[in-house]
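Enquirer: The following block contains a protein sequence and its predicted model.
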Amino acid sequence: MVVVYAGGHISGAHYIPAVTLGILIRGKISVGDSVKYWIVQFIGAAAAAFIVIYLLGDKVPTDSAMMTSPVKGMIAEFLGTFALVFVVLNTATAKGTEGNSFYGLAIGLTVTAMAFALGSFSGGAFNPGVALGISLMHMASWSDMWVYLIGSLGGALVAAFVFLMCNKNDK
């Protein structure tokens, strides 16, 4: 939440690839700018993972936890990302909430709620960048990356299309 408020006025707080995808589908960012954001987001995720590995060293697991059910993990990632992107689109990009000061709180609480409700099924990444980071830190298995990608990108796509259906006059 704090980082959303801190960078929202600079970059639109596009910190995660799933949100950038939703905002791209919504029509508030170009494909070229999206690609630039995605490159920086993945570099940031990898840098954050390596910093954690460096700082915590021996506390970082050496073996990743296997996802017990890829189907449940994918559903959790889909639902959590759908909720996150839908909230971002409605609180930070919609005409009806223009100029609000609660968007960061709404976004932060959505991530918190989804992590508590769904985190035990997938680790609660809700974002390909976090999936990269937790895989680099051995907190998730690389063989489960497809679960994170399909779940989070699918949730972002559906959230963007639902937003567009619900807000036909919000261009």
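Expert: Structure received. Computed from a predicted structure; not experimentally measured. Numbering: from 1, shown residues only.
Enquirer: What ranges does the chain have for its helices?
Expert: For the chain, the helices defined by DSSP state H cover 2-11, 17-26, 31-56, 70-88, 103-122, 128-136, 145-166.
Enquirer: possible to save the ones you listed as JSON lines with mean pLDDT and mean neighbour count?
Expert: From N, CA and C alone the C-beta is placed, and that goes for glycine too. Shown next, in JSON lines, are the helices of the chain (pLDDT from 0 to 100; neighbours: other Cβ atoms under 10 Å):
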{"stretch": "helix 2-11", "mean pLDDT": "78", "mean neighbour count": "12"}
{"stretch": "helix 17-26", "mean pLDDT": "94", "mean neighbour count": "26"}
{"stretch": "helix 31-56", "mean pLDDT": "94", "mean neighbour count": "14"}
{"stretch": "helix 70-88", "mean pLDDT": "96", "mean neighbour count": "23"}
{"stretch": "helix 103-122", "mean pLDDT": "92", "mean neighbour count": "18"}
{"stretch": "helix 128-136", "mean pLDDT": "92", "mean neighbour count": "24"}
{"stretch": "helix 145-166", "mean pLDDT": "96", "mean neighbour count": "20"}
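Enquirer: As CSV, these with distance to Thr62 would be great.
Expert: Conversion of the helices of the chain to CSV gives the following (distance: least, Cβ to Cβ, whole Å):
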stretch, distance to Thr62
helix 2-11, 29
helix 17-26, 27
helix 31-56, 11
helix 70-88, 22
helix 103-122, 21
helix 128-136, 13
helix 145-166, 19
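Enquirer: Quick one: closest of those helices to Asp63.
Expert: With Cβ to Cβ, the closest approach to Asp63 among the helices of the chain belongs to helix 128-136: 12.6 Å.
Enquirer: gap between the closest one and the chain center?
Expert: Relative to its chain's centre, helix 128-136 lies at 11 Å (Cα atoms, centre = their mean, to the nearest Å).
Enquirer: which ones are touching Met145?
Expert: By Cβ atoms under 8 Å, 6 or more residues apart in numbering, the contact list for Met145 reads Ala131, Ser135.
Enquirer: what's the answer for the one 3 residues further on, then?
Expert: Applying Cβ under 8 Å, 6+ apart, one finds that Tyr148 lies in contact with Gly73, Glu77, Ser122, Ala125, Pro128, Val130, Ala131, Ala140.
Enquirer: Distance of it relative to Val162?
Expert: 21 Å (Cβ to Cβ, to the nearest Å).
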